[in-house]
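# Here is a sequence with its predicted model. Questions after.
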Amino acid sequence: MRILLTGGTGLLGIELLKLGADLVAPRRSELDVTDASAVAEYVDRLSPDVIIHAAAVTNNRDIEVDPSEALEVNIKGTANLAQACLGLGARLVYISSDYVYKGDRGNYSENDEVLPSNLYAWTKLAGEAAVRAVANHLIIRTSFGASIFQYPAAFADKWSSKQYVDEVAPKILNAAVGSATGVLNIGGPRRTLYEYASERNPKVKKISRDEAPHDSTADSSLNLERWADLESRLDVVREVNACRICGSKDLLRYIDLGMMPLANSFADSADAARQMRRFPMQVQFCKDCSLSQLTVVIDPEKMFSNYAYRSSINKAYLKHCREMAKSVGELLRLGESDLVVDIAGNDGALLAEFKNELGVSVVNVDPARNLAEIAESHGVPTICEFWGPDVAAKVVEDHGRPRLITATNVFAHVDDMHVFVSAAQDCLHESGALMLEFPYCVDFIEQREFDTIYFEHLSYVLLEPLRRLVESLGMQIFDVQKQDIHGGTVRVFIARQGTHEVQSSVADLIAREKQDGYHDVSIYESWNRDTENLIGDLVRNLADLKKGGAKIAAFAASAKGNTLLNACRLDASTIDYIVDDTPEKIGKFSPGNGIPIVDRDILASDAPDYLLILSWNFAREIIKVTADYGKRGGKYIIPIPSFRIIEAGDEANNGGVR
C-alpha cells in the first residue's frame with residue numbers, strides 16, 4: 001500500500017512516520033498543497049493508494065489576526081488534494097478537529113450538528129466539504145497534543161477527548177488503511193484538560209476558563225462508539241493497558257520498533273509481502289512487578305492456526321530436546337508408567353525425545369493444524385487446540401494426570417497467564433511439575449536482543465513477576481536453571497506448594513535480578529538507546545558493503561530475522577535472498593519486505609559475498625552446515641549483540657559465535 005502523507009513535519013506527521021509504515025512524506029518545498037498543478041502532478045506520478053492529509057495551519061490566535069494562510073492551506077490545499085484524487089481511485093483521509101462541533105455539551109457523535117466556535121475550526125470544516133467530493137474518503141475528527149504537556153497550568157472545567165499524539169497516531173493510521181468511510185471520531189476518554197495534562201505532568205496547576213484571556217468551549221468530548229465498533233469488528237489487535245500478571249496500570253513504554261507485519265506470515269509474492277498489514281511493535285515495563293510486555297495483542301487464531309516454524313528442522317534444538325528429556329527425567333524420576341504433556345509442542349519434536357529416551361506416554365497440544373498432522377504422523381498423539389481448562393480436563397479424562405507438563409518457548413506467547421498456569425495445576429498429578437522454558441529478560445537486555453520482539457512474544461519475563469503469579473495460585477517455583485539456547489533462556493520448575501524441595505537457585509536468581517537493576521525502569525530506557533545505536537550501526541555497515549559492490553544474502557527466515565529486517569528497513573535492494581531449510585517457507589517471500597526465500601542449493605549456484613545470519617543464536621550450527629560456502633571464501637555477518645564479520649575457520653572470531 002502506497003501512502004502519501006502531507007504535513008510530515010507537523011506534530012502528528014512526525015509521530016505517524018515513527019510507526020514505520022511505508023509513508024511518502026514530502027516537505028513543503030517538495031509539495032506545496034496550495035499549488036494545484038504541483039499537487040496534481042505529484043499525486044499522478046506517485047499514484048498513492050491512500051493520502052493522509054495532515055498538513056494544516058492550526059494556531060487559532062494567529063488565524064484570527066490574519067486568516068490568509070489558513071484559507072490557502074486548510075481550504076484551498078485540501079480542495080487541491082481532493083481534485084487530484086478524482087479519477088485515480090485514491091482514498092483521501094482528512095485530519096479534522098473536534099472544534100467543528102459546537103462544544104457546549106460534549107459526547108458528540110459523527111451525525112451531530114456542526115457549528116464551529118472559532119475561525120480555525122471553520123477552515124477545517126470547509127476542508128471537510130472538499131474531501132466529501134472524493135468517493136473513498138474518511139474525515140477523522142480528533143484532538144491531540146504533544147507527547148509531554150509543557151504548559152504550567154490547564155483548565156479544570158474544560159472537557160474533551162484529547163489524547164497525546166503518540167497514543168492517537170496508531171489509531172489514525174489503522175483507520176486510514178482500513179475500510180471505514182465518512183466521518184469518524186477518534187480520541188481518548190472524556191476528561192478535563194487538567195486530568196489530561198496531569199497524566200504526564202504531575203506539576204501542572206489547575207485554572208478555570210474564566211481566568212483565560214480568550215474564550216474557550218466547555219465540552220468538546222467525542223462519542224467514540226463508531227470507532228470502538230470498528231476496532232472490534234475489523235481489527236485483530238487489542239491494546240494492553242494493564243499488566244497481565246499483577247494488573248497494574250503503571251506501565252512505561254520503553255521501546256518502539258514501529259509498525260511491523262506478523263513475523264511468520266509469509267506471502268506468495270513480493271508485492272503481497274510488502275503490502276501486509278502492520279501493527280505497532282512496542283514494549284512496556286510494569287513498574288509494580290517488573291514484567292515487560294507488548295502494548296498490543298494480536299488474535300492468536302491469526303498467528304497460530306497455520307504455523308510455518310517447525311521444531312524438528314533445527315538439529316541444534318533437537319539436541320537440546322534430547323538433553324532436556326534426560327535431565328528432566330532424572331530430576332523428576334520419570335518412568336514408563338508416567339505421562340508427559342507438551343503445550344504448544346509444534347511438530348512433536350520434544351515429545352519424541354521424551355518417548356524415545358524414557359519410554360513415557362506423551363500427548364501434544366498444539367493449535368496449528370499443519371503441525372498437528374506432522375506430529376501425529378511421527379507417532380505423537382496431538383490435541384489440535386489452544387491450551388486451557390477444557391483441554392486440561394480432556395487430557396485427564398482421556399489419558400490420565402501427567403507427571404510432567406512442558407511448555408518450551410510458549411509461555412511468553414500467553415496472554416492470560418493466570419488461566420494458563422491454573423489449567424496446568426488442575427491437570428497435574430499430585431506430585432507433578434509444570435516446566436516452563438522461555439527467553440530470559442535479563443539475556444534479552446544484556447545481549448541487545450531487540451529482534452526477539454515479535455507479536456508471538458507477548459511478554460519478556462523475569463523470575464520475580466513469575467514468582468508472584470504462581471504463588472497467587474497456590475503454587476511455587478522449586479527450581480530454576482539457566483540455559484544457553486535461543487540467546488539465553490531459563491528453565492523453571494513449578495509445582496503445588498510443599499510438594500517439592502525449593503532449591504537455592506530460585507532466591508539466588510531473583511536477588512541477582514534486583515541487584516543488577518532489572519526491577520527498575522532506568523536499565524530499560526538505557527537499553528532503548530543502545531538498540532537505536534545497534535540498528536543504525538547495522539544499517540550503515542550493510543549500506544557500506546553494498547556500495548562497495550558486495551552481494552549480501554541472509555540465512556534463516558526466522559521470526560527474529562523478520563523483526564530485524566523490518567526494524568532496519570532492509571529489503572531486496574540490500575538482501576538478495578534468504579536461505580532457509582523449512583519446506584513450507586521456500587518459494588515464499590519474507591513478510592513486510594518481499595525478500596525471496598530459497599533453498600540452500602543457491603549457495604553453490606549463486607553465492608553471495610556475505611551471508612547475514614538472522615538466527616544468530618544458532619550461528620555455530622549454521623556455519624557448520626554451510627561449510628562449503630565458507631570454504632569458497634564466503635563471509636558471515638553476525639548482527640547481535642553487535643555487527644561482526646567472520647570467516648569459517650577463523651577461530652579467533654568463531655570462538656565468540658554461539
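Happy to help now that I have it.

# May I have stretch 120-131 as PDB, with CA atoms only?
What follows is stretch 120-131, C-alpha atoms only, in PDB (Å, rounded to 0.1, in the frame of the first residue of the first chain):
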ATOM      1  CA  TYR A 120      -9.600  27.700  12.700                       C
ATOM      2  CA  ALA A 121     -12.500  25.200  13.000                       C
ATOM      3  CA  TRP A 122     -14.400  26.900  10.200                       C
ATOM      4  CA  THR A 123     -11.500  26.400   7.800                       C
ATOM      5  CA  LYS A 124     -11.300  22.800   8.900                       C
ATOM      6  CA  LEU A 125     -15.000  22.300   8.200                       C
ATOM      7  CA  ALA A 126     -14.600  23.900   4.800                       C
ATOM      8  CA  GLY A 127     -11.800  21.300   4.100                       C
ATOM      9  CA  GLU A 128     -14.300  18.600   5.100                       C
ATOM     10  CA  ALA A 129     -16.700  19.900   2.400                       C
ATOM     11  CA  ALA A 130     -14.000  19.500  -0.200                       C
ATOM     12  CA  VAL A 131     -13.000  16.000   0.900                       C
END
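
# which residues are contacting it?
Residues outside stretch 120-131 that contact it (C-beta atoms under 8 Å, 6 or more residues apart in numbering) are 53, 56-60, 63, 67, 70-71, 74-75, 78-79, 82, 92, 94, 96-97, 99-100, 114, 116, 137, 139, 183. From N, CA and C alone the C-beta is placed, and that goes for glycine too.

# Derive a ChimeraX selection command for the buried subset of these.
Selection of the buried residues among those in ChimeraX, burial being defined by 16 or more other C-beta atoms under 10 Å:
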select :53,56,57,58,60,63,67,70,71,74,75,78,79,82,92,94,96,97,99,100,114,116,137,139,183
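
# Which of the contacts of stretch 120-131 fall in strands?
Among the contacts of stretch 120-131, the members found in strands (DSSP state E) are 53, 92, 94, 96-97, 137, 139, 183.

# which stretches of the stretch 501-650 of the chain have low pLDDT?
649-650 (pLDDT under 70).

# which residues does R322 contact?
R322 sits next to 353, 357 when contact means C-beta under 8 Å, 6+ apart.

# pretty sure it is in a helix, no?
Yes: the assignment for R322 is a helix, going by DSSP: H, G, I helix; E, B strand; the rest coil.

# sorry, back to before: and of the ones in strands among the contacts of stretch 120-131, the nearest to I535?
I535 lies nearest to H53 out of the ones in strands among the contacts of stretch 120-131, by C-beta to C-beta, at 30.4 Å.

# Can you show me the helices along the stretch 51-200 of the chain?
Counting by DSSP state H, counting those that start in this stretch, the stretch 51-200 of the chain has these helices, from start to end: 60-65, 68-70, 78-85, 119-131, 165-176, 193-198.

# residues in contact with the first one?
For helix 60-65, the surrounding residues in contact (C-beta under 8 Å, 6+ apart) are 57, 69-70, 118-121, 123, 214.

# Can I get it in PDB? Just the C-alpha atoms.
Extracted in PDB, the C-alpha atoms of helix 60-65 (Å, rounded to 0.1, in the frame of the first residue of the first chain):
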ATOM      1  CA  ASN A  60      -6.200  29.900  16.100                       C
ATOM      2  CA  ARG A  61      -4.900  33.100  17.700                       C
ATOM      3  CA  ASP A  62      -2.800  33.800  14.600                       C
ATOM      4  CA  ILE A  63      -5.600  32.800  12.300                       C
ATOM      5  CA  GLU A  64      -8.000  35.300  13.900                       C
ATOM      6  CA  VAL A  65      -5.400  38.100  13.200                       C
END
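
# E113 contacts K102, doesn't it?
Yes: counting by C-beta atoms under 8 Å, E113 touches K102, with 7.2 Å between them.

# how about low-confidence regions in this protein?
Ranges of the chain meeting pLDDT under 70: 1, 20-21, 87, 89, 179, 232-236, 259, 302-314, 485-487, 649-658.

# how's it carved up into domains?
3-235, 311-523, 524-654 (automatic domain parsing).

# For stretch 409-416, which residues meet the burial criterion?
409-415.

# E532 belongs to a helix?
Yes: assessed by three-state DSSP, E532 belongs to a helix.

# That one and L538: what is the separation?
Using C-beta to C-beta, to the nearest Å, E532 is found at 11 Å from L538.

# between these two, which one's more packed in?
Remark: of E532 and L538, L538 carries more neighbours, 20 against 12, as counted by other C-beta atoms under 10 Å.

# Report whether the expected contact of that one with P641 is present.
No: L538 lies out of contact with P641 (C-beta under 8 Å); the separation is 11.1 Å.

# quick revisit: nearest to I255 among the buried residues of stretch 409-416?
If you rank the buried residues of stretch 409-416 by distance to I255 using C-beta to C-beta, A412 comes first, at 15.8 Å.

# Verify the contact between the closest one and E437 for me.
No: A412 is beyond contact range of E437, at 10.1 Å (criterion: C-beta under 8 Å).

# So L350 versus I3, what's the distance?
From L350 to I3 the distance is 43 Å (C-beta to C-beta).

# Between those two, point out the one with more neighbours.
When neighbours are counted by other C-beta under 10 Å, L350 and I3 differ, and L350 comes out ahead with 28 against 21.

# wait, what's in contact with the more buried one?
Neighbours of L350 in contact, by C-beta under 8 Å, 6+ apart: 311, 321, 324-325, 342, 406, 408.

# distance of it from P596?
Distance from L350 to P596, by C-beta to C-beta: 31 Å.

# can you check I645 too?
Applying C-beta to C-beta to I645 and P596 gives a distance of 24 Å.

# These two: which has the busier surroundings?
Counted by other C-beta under 10 Å, I645 and P596 do not tie: P596 has more neighbours, with 19 against 13.

# partners of the more buried one in the sheet?
F589 (DSSP bridges).

# Does it touch Y577 like I think?
Yes: in terms of C-beta under 8 Å, P596 counts as a neighbour of Y577; the distance is 5.0 Å.

# So what's the residue count around the nearest residue to Y524 once chain neighbours are set aside?
Closest residue in space to Y524, ignoring its immediate chain neighbours: Y254 at 4.2 Å, by C-beta to C-beta, 6 or more residues apart in numbering. Y254: 19 surrounding residues under other C-beta under 10 Å.

# tell me which element Y254 is part of?
Here Y254 sits within strand 251-260, counting by DSSP states H and E.

# Each with direction, which strands does that strand pair with?
According to DSSP bridges, strand 251-260 forms sheet pairs with strand 279-286 (antiparallel).

# Can you name the element that comes right after the partner strand?
Counting by DSSP H and E, what follows strand 279-286 is strand 292-294.

# List the buried residues of that next one.
292-294.

# Turn those residues into TSV, including distance to D451.
Listed next are these as TSV, based on distance: C-beta to C-beta, whole Å:
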residue	distance to D451
S292	15
Q293	17
L294	14
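
# between those, which is closest to K560?
Nearest to K560 among those is L294, at 14.9 Å by C-beta to C-beta.

# hmm, back to that, looking at the helices of the stretch 51-200 of the chain, spot the one closest to K631.
Across these, closest to K631 is helix 165-176 (C-beta to C-beta), at 48.0 Å.
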